[in-house]
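>>> Sequence unavailable; structure follows:
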């Protein structure tokens, strides 16, 4: 949590919000705790200018943590395609290549959005990754 306190939350795009959620999940950081820490840091800085509370509201809105309509996949188990599916579809040998491919698909979903988390789209993306 302390390591994450410098992570910026200003002007995040939907992709940035997904990446922030993934980052917090990867380090097992509760989003509410992250916001509390950011607010505490902001309040400490407000001691210099006590009449400006809007940056705190802006922080919560921009972080996309309080309300998000999109459920971000946090792990490989959240993908619509499994490692076993990849092995069967592409005649792969179980091993590191399957894990790397699966992780690349997770990154693709975090970057592009959860609407791409379908079996067919992920299969097409995996084919692209394997052949390029």
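Cool, got the structure. As the structure is a computational prediction, the values presented were derived from the model and not from experiment. Numbering: from 1, shown residues only.

>>> Point out where the protein drops to low pLDDT.
For the chain, the stretches flagged by pLDDT under 70 are 46-73.

>>> Tell me where it has helices.
Assigned by DSSP state H, the helices in the chain fall at 14-26, 31-46, 54-63, 83-90, 96-112, 119-131.

>>> In TSV, list those helices along with distance to residue 4 and mean neighbour count.
C-betas here are computed from N, CA, C, even on glycine. TSV is the format used below for these (distance: least, CB to CB, whole Å; neighbours: other CB atoms under 10 Å):
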stretch	distance to residue 4	mean neighbour count
helix 14-26	7	17
helix 31-46	6	14
helix 54-63	12	15
helix 83-90	29	15
helix 96-112	17	16
helix 119-131	29	14
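
>>> Quick check: which of these is nearest to residue 74?
helix 14-26 (3.9 Å; CB to CB).

>>> quick check, distance from that closest one to the centre of its chain.
On the basis of CA atoms, centre = their mean, to the nearest Å, helix 14-26 sits 3 Å off its chain's mean C-alpha point.

>>> what's the angle from it to helix 31-46?
110 degrees (axes from the mean of the first three to the mean of the last three CA atoms, to 10 degrees).

>>> can you state the direction angle for helix 14-26 and helix 96-112?
For helix 14-26 against helix 96-112, the angle by the same axes, to 10 degrees is 130 degrees.

>>> what packs against helix 14-26?
Applying 3 or more CB pairs under 8 Å, 6 or more residues apart in numbering; DSSP states H and E, one finds that helix 14-26 contacts helix 31-46, helix 96-112.

>>> For the ones you listed, give me JSON lines that also has distance to residue 15.
JSON lines is the format used below for those (distance: least, CB to CB, whole Å):
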{"stretch": "helix 31-46", "distance to residue 15": "17"}
{"stretch": "helix 96-112", "distance to residue 15": "6"}
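
>>> Nearest to residue 89 among those would be which one?
helix 96-112 (10.5 Å).

>>> Quick one: residues in contact with that closest one.
15, 18-19, 22, 72-73, 75-76, 78-79, 81, 83, 86-87, 92, 116-117, 122, 125-126, 129-130 (CB atoms under 8 Å, 6 or more residues apart in numbering).

>>> hmm, 7 Å instead?
If you take CB atoms under 7 Å, 6 or more residues apart in numbering as the criterion, helix 96-112 is touched by 15, 18-19, 22, 72-73, 76, 79, 81, 83, 86-87, 92, 116-117, 122, 125-126, 129-130.
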